[in-house]
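**Q** Predicted model, plus sequence, below.
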Amino acid sequence: MPSNADIAAVFEQMAALLEMKGEVVFKIRAYQRAARTIEHLPFSIEERVASGQPLKGIPGIGEAIEKKTIEFIQTGAVRALEELRGELPDGVLTLMNVPGIGPKTAMRVARELGVTTIEGLEKAILEGRMAALPRMGEKTAENILRHTRALSLRTKDKRTPIGVALPVAEEVIAALRDRCPGLRKLIPAGSLRRWRETVGDIDLMGAADEPQQAIDAFVVLPQVMEVIGHGPKKASAVVKPGIQVDLRIVEDESYGALIQYFTGSQQHNIRLRDRANRMGLSLNEYGITDIATGRVEEFADEEAFYARLGLQLMPPEVREGVWELELAEKRALPRLVELGDIRGDLHVHSDWSDGREPLETMVAAAAARGYQYVAITDHSAGRGIANGLAEERLRQQIDVLRDLSARHSIAVLTGSEVDIRADGTLDYSDEMLAALDVVVASVHSAMGQERERMTQRIIQAMRHPSVTVIGHLTCRLLEERDPIEVDVEAIFQAALETGAILEINASPERLDLKDIHVQRARELGVPLVISTDAHHSDQLAHMRFGVAVARRGWCEARHILNTLPRERFLALIKAPKPERVRLIKQGVA
DNA sequence: GCCGTTTTCGGCCCGACTGTTTTCAGTCG
């Protein structure tokens, strides 16, 4: 059962090997483009093929790539790829993992030095054989050596979770603004601005009268550990704790074109350029050039830039190069859900279990965010390690919360994050669960169960009359723990049937559901909430990450139930489940 | 290999930086 990522990897490798062979660049790009498109599709290619739907129509996928995709799904291999592998030296793909080594260098190193491993490469550099190659030199060899050494700790495609990268970006921005009064604008661009769950590096874009001053100030910031490149308009550096930051500064007039260009995605830009070409225009980061006259138009903001191309401004979160251009042309983009639409948080811990602050603090912080409701959901009894609450303590907590609710304008909902046990039963009695306003049921144990059993386990919990929400469905921890094996499509169907709501867990370590799941859930009409799983009042601010995931799934406020005002939200979660199913089908939000 | 409100053939995104070169190739995004 190949995932979209597996299929994308096949075409990435095709592209890399064709590039080494010296194939025409356009063929290479076609494979790269297909790979990246497939990686970001909101549906499973494997399922689409199984249901007999064509792949043609997906941008960048034509006859040849469709055939190879089907071949891969059916046989687990692609003959053309195997043949290419046979023609080229073993290990060249490994060498290409080293930053600074592209296809040309990888081939020369393999052919002329007989080196096909990272260890062999390091040896060749230390012995001076690398620098002796034509158009190679001491500095190039030295740089590559530095990268191979870093590689033993981190690979080229090791990505940083957005929850780590965004605060780093914000810190650098603040520091640079502080030292550079002439800096008029400065924002994160790239995958960070598109709110991808992980980023490869941090792109910062700005506008200033004297770009060079800002660039020079950047490379000497205390956060900078190592300067990689430093020119008049652009610099790259590694900042603490080891993330690469690329900074570009232009003058005000071309700021719109700059941020458009560097927000990407690459696929989005390639499609945009394609469109511009057909209009007789050429795009770059400084503006739009009329090819016939050579006249350059500059744009101070993105809206005007897109308008010149006949397009509605697209939120960065949807710029993945799949279907947004068609909708922007028809001015049919949805108004995506915003942080300000959120009326409550439904997954919050306190120091009664493994949270770090008292109930009072958490409730006051939720009220201070302007929420109309908040649910306290400490762990259930079975979570010994998280100081889960025995039923008696939970009953005490309910009393305390009733009292708190009376003293605050915010509605304080009683709740629990109850374990779904390995056999699909829940960790409290039915009477206990029925006494709660909000029951978030989550898997925390026996995560290695096989797919069918895990799926049935979760569906059994969804059918329980008192279960309101399923928490962090796939249990993944970004770059730390793989998701559990679960049939997400079956879970979505069960959600529609049972009225169980699915959580978008906004904790930046989780982001679970993830963007493409949310996109699919939205298409099916599956009810969703966004919750922070906060263990500290500061973490209520993680809501922004969850909202971003929903936006990447093209959700409007009506798709997210905790955008509902208090009375309607309470009516919904207190309705018996069959009634809730009916309300949700009507489009309650 | 993909694609078409100029085209089913002939195009295909564009520039910065580095290191090695005296005009440019390779890599990256």
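**A** Perfect, thanks for sending it. Just so it is clear, the structure is predicted and the values come from calculations on it, not from any experiment. Numbering: from 1, shown residues only, chains lettered A, B, ... in the order given.
**Q** got any ranges where chain A has weak pLDDT?
**A** For chain A, the stretches with pLDDT under 70 are A:151-158, A:384-385, A:588-589.
**Q** Domains in it, by residue range?
**A** When chain A is parsed with automatic domain parsing, its domains come out as A:1-76, A:89-157, A:160-250, A:256-329, A:339-586.
**Q** wait, which of those is closest to A:Glu83?
**A** domain A:1-76 (9.6 Å; CB to CB). C-beta here means a position set from N, CA and C on the backbone, and glycine is covered the same way.
**Q** Surely A:Leu540 and A:His349 touch.
**A** No: A:Leu540 lies out of contact with A:His349 (CB atoms under 8 Å); the separation is 11.1 Å.
**Q** Give me the common contacts of those two.
**A** A:362, A:534 (CB atoms under 8 Å, 6 or more residues apart in numbering).
**Q** Which one of the two is surrounded by more residues?
**A** A:His349 (24 against 19; other CB atoms under 10 Å).
**Q** which residues touch the nearest residue to that one once chain neighbours are set aside?
**A** In this structure, A:His349 finds its nearest non-sequential neighbour in A:Gly355, 3.5 Å apart by CB to CB, 6 or more residues apart in numbering. Listed by CB under 8 Å, 6+ apart, the contact set of A:Gly355 reads A:348-349, A:362, A:378, A:534-536.
**Q** Out of these, give me the one that has the most neighbours.
**A** Neighbour max across those (other CB under 10 Å) = A:Val348, 30 neighbours.
**Q** got the contacts of A:Gly355 as TSV, with distance to DNA strand B and secondary structure columns?
**A** Formatted as TSV, the contacts of A:Gly355 follow (distance: CB to the nearest atom of the strand, whole Å; DSSP: H, G, I helix; E, B strand; the rest coil):
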residue	distance to DNA strand B	secondary structure
A:Val348	37	strand
A:His349	38	coil
A:Met362	40	helix
A:Asp378	43	coil
A:Ala534	33	strand
A:His535	34	coil
A:His536	34	coil
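**Q** any idea where the helices of the stretch 151-300 of chain A begin and end?
**A** A:162-179, A:190-193, A:211-219, A:255-263, A:266-278 (DSSP state H, counting those that start in this stretch).
**Q** Just the buried positions in the second one, please.
**A** Meaning helix A:190-193. Under the neighbour-count criterion of 16 or more other CB atoms under 10 Å, helix A:190-193 has A:190-193 buried.
**Q** Can you get me a residue count around the closest residue to A:Gln213 other than its chain neighbours?
**A** Residue nearest to A:Gln213 in three dimensions, not counting chain neighbours: A:Gly182, with 6.1 Å by CB to CB, 6+ apart. Residues contacting A:Gly182 under the criterion other CB under 10 Å number 13.
**Q** Test my guess that A:Gly182 contacts A:Asp209.
**A** Yes: A:Gly182 is within contact range of A:Asp209, at 5.6 Å (criterion: CB under 8 Å).
**Q** ok, the residue of chain A found nearest DNA strand B - contacts?
**A** Residue nearest to DNA strand B within chain A: A:Gly137 (1.6 Å; CB to the nearest atom of the strand). A:Gly137 sits next to A:Ala131 when contact means CB under 8 Å, 6+ apart.
**Q** for stretch A:289-309, which positions count as buried?
**A** Across stretch A:289-309, burial judged by 16+ other CB under 10 Å covers A:289, A:297-300, A:302, A:305-306, A:308-309.
**Q** show me which of those residues neighbour DNA strand B.
**A** Contacts with DNA strand B within the buried residues of stretch A:289-309, counted by CB under 7 Å from any atom of the strand: none were found.
**Q** just checking, which of the residues you listed belong to strands?
**A** Those of those mapping onto strands are A:289, A:297, per DSSP state E.
**Q** and of the buried residues of stretch A:289-309, the nearest to A:Gly120?
**A** For those, the residue nearest A:Gly120 by CB to CB is A:Thr289; the value is 46.3 Å.
**Q** doesn't A:Arg295 make contact with that closest one?
**A** Yes: counting by CB under 8 Å, A:Thr289 touches A:Arg295, with 7.0 Å between them.
**Q** contacting residues for the spatially most central residue of chain A?
**A** By CA atoms, centre = their mean, chain A has its centre lying nearest to A:Glu197, at 2.4 Å. With CB under 8 Å, 6+ apart as the criterion, the residues that contact A:Glu197 are A:161-162, A:478, A:511, A:514-515, A:549.
**Q** filter the residues you listed down to the ones near DNA strand B?
**A** Restricting those to those near DNA strand B - CB under 7 Å from any atom of the strand - leaves none.
**Q** Just flag the most distant two among those residues.
**A** Once CB to CB is applied, the contacts of A:Glu197 give A:Pro161 and A:Asp515 as the farthest pair, at 13.8 Å.
**Q** Comparing the two, which shows the higher neighbour count?
**A** Shown here are A:Pro161 and A:Asp515; by other CB under 10 Å, A:Asp515 has more neighbours (24 against 19).
**Q** Can you get me a residue count around the closest residue in space to that one that isn't next to it in sequence?
**A** Excluding the flanking residues, the one nearest A:Asp515 by CB to CB, 6+ apart is A:Arg552, at 3.8 Å. A:Arg552 has 26 neighbours, counted by other CB under 10 Å.
**Q** pretty sure A:Arg552 is touching A:Val518, no?
**A** Yes: A:Arg552 lies in contact with A:Val518 (CB under 8 Å); the separation is 7.1 Å.
**Q** What sits closest to A:Ser353 if chain neighbours are left out?
**A** Closest to A:Ser353 by CB to CB, 6+ apart is A:Asp378, at 3.7 Å.
**Q** again with A:Asn505
**A** A:His472 (4.2 Å).
**Q** who's in contact with the one you found?
**A** Counting by CB under 8 Å, 6+ apart, A:His472 makes contact with A:442, A:503, A:505, A:507, A:510, A:512, A:533.
**Q** For A:Lys27, what is the enclosing helix or strand?
**A** Using DSSP states H and E, A:Lys27 sits in helix A:25-39.
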